[in-house]
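Q: need a 3D model of the following:
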Amino acid sequence: MTGNTRFEKLGFEALVDVGIIFLAHFRNPARKYAAQLLLDALTLKTRILIPVSIYLGAYIIMTRYLKLRSVNASKALLKTLSIESPAFYGNLPKVVAKKAIASASELGISS
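A: I've put the predicted structure just below:
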């Protein structure tokens, strides 16, 4: 980020994109790098914000486009969402995102 943004005023350097979230949650060649970046963000080792809403997008990508089983995708995403970290932000409360992912998994919804 450049310039005088609201996030810089909070002391954060960047935002995590949905790509980092889904790459960190299933086996692939980039997983260890994405998972490390996500861990660094969650522990504030690196000052990166994580929008809660991108977990919904990650679920859709994982289930619809990557054809991963919804139960596996939701389990992995919900585990990360259960972590308490000041890096999570957004207008969507984590409890709502968690309920949406759990419900989509139970109902077999992938989009």
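Q: strands paired with the lengthiest strand in the chain, and their directions?
A: Of all the elements of type strand in the chain, the one with the most residues (DSSP state E) is strand 48-51. The pairing partners recorded for strand 48-51 under DSSP bridges are strand 14-15 (parallel), strand 88-89 (parallel).
Q: tell me the average confidence for the last one?
A: pLDDT averaged over strand 88-89 equals 93, rounded to a whole number.
Q: what does it rub up against?
A: Residues external to strand 88-89 that are found in contact with it (Cβ atoms under 8 Å, 6 or more residues apart in numbering): Leu49, Ile50, Pro51, Val52, Lys94. For glycine as for every other residue, the C-beta is placed from the backbone atoms N, C-alpha and C.
Q: burial of the fourth one, as a residue count?
A: Around Val52 there are 18 other residues, counting by other Cβ atoms under 10 Å.
Q: for the first one, same thing?
A: Around Leu49 sit 18 other residues, with neighbours defined as other Cβ under 10 Å.
Q: would you mind listing the buried residues in the lengthiest helix in the chain?
A: Of all the segments of type helix in the chain, defined by DSSP state H, the longest one is helix 94-107. In terms of neighbour count (16 or more other Cβ atoms under 10 Å), helix 94-107 has its buried residues at Lys94, Ala97, Lys98, Ala100, Ile101, Ala104, Ser105.
Q: please enumerate the helices of the chain.
A: Defined through DSSP H, the helices belonging to the chain, from first to last, are 6-9, 18-23, 31-42, 54-60, 70-81, 94-107.
Q: among those helices, which is nearest Ala87?
A: Of all the helices of the chain, it is helix 31-42 that lies closest to Ala87, at 4.8 Å by Cβ to Cβ.
Q: quick check: buried residues in that closest one?
A: Ala34, Leu37, Leu38, Ala41, Leu42.
Q: who touches the first one in this structure?
A: Yep, that's Ala34 we're talking about. Counting by Cβ under 8 Å, 6+ apart, Ala34 touches Gly19, Ile20, Ile21, Leu23, Ala24.
Q: redo those residues as JSON lines? Include neighbour count and pLDDT.
A: As requested, the contacts of Ala34 are arranged in JSON lines below (neighbours: other Cβ atoms under 10 Å; pLDDT from 0 to 100):
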{"residue": "Gly19", "neighbour count": "14", "pLDDT": "96"}
{"residue": "Ile20", "neighbour count": "21", "pLDDT": "97"}
{"residue": "Ile21", "neighbour count": "25", "pLDDT": "98"}
{"residue": "Leu23", "neighbour count": "22", "pLDDT": "97"}
{"residue": "Ala24", "neighbour count": "23", "pLDDT": "98"}
